[in-house]
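Participant: Would you be able to build a 3D model of this:
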Amino acid sequence: MAELQNEVMNNEVAAGEAALTVTPLALTKIKELLEQRGLSDHALRVFVAGGGCSGLQYGMAFEANIQDTDTLIRVDDVRLVIDPTSLMYVQGAHIDFIDALVGGGFRIDNPNAVSTCGCGTSFRTKDHEAGGHEDGCSSCS
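Facilitator: Down below sits the predicted model:
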């Protein structure tokens, strides 16, 4: 699968490791959403929050305000931003878009995850304690 190269603009990441990569289909979908919503001046924020059945969960939101501490990644005309804490959990991850009638949408393939839930939005890293529902959640079982 070919992936588009990205250019990290603000904060440095580990040498030789991309903060995030985005597949061409995911990039196309992000561009479509930005255009449909009239948000050409916004970036896609990728973040990690506590919660979900595995302890941590992914989130994405369009945002106009980029903080000085954020890592800004440019892929073609699309900007992605990640706060420093979230970057620790998703460093080197790949964002893809699955076009399917059931279970489609954005997917994050995270090399830092040691366990994921069937829903695809909840995960656990080796440094993060398990959330107690490791067999699945009500939305994916």
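
Participant: Would you mark the buried spots in the helix or strand that contains residue 107?
Facilitator: Using DSSP states H and E, the element containing residue 107 is strand 105-109. Within strand 105-109, the residues scored as buried using 16 or more other C-beta atoms under 10 Å are 106, 107, 108. No exception for glycine: its C-beta is placed from N, CA and C like everyone else's.

Participant: Which one of those is nearest to residue 19?
Facilitator: Taking C-beta to C-beta as the measure, residue 19 sits nearest to residue 108 out of these, at 12.6 Å.

Participant: The closest one against residue 97, yeah?
Facilitator: No: in this structure residue 108 lies outside contact range of residue 97 using C-beta atoms under 8 Å: 10.7 Å.

Participant: re the thing from before, pull the residues that contact the strand holding residue 107.
Facilitator: Residues from elsewhere that reach strand 105-109 (C-beta atoms under 8 Å, 6 or more residues apart in numbering): 26, 29, 46, 58, 60, 90, 93-98, 120.

Participant: which regions of the chain sit below the pLDDT cut-off?
Facilitator: 1-17, 51-54, 103, 113-141 (pLDDT under 70).

Participant: quick one, the lengthiest helix in the chain and strand 105-109 angle?
Facilitator: For the chain, the helix that runs over the most residues, judged by DSSP state H, is helix 24-36. On the basis of axes from the mean of the first three to the mean of the last three C-alpha atoms, to 10 degrees, helix 24-36 is oriented at 130 degrees to strand 105-109.
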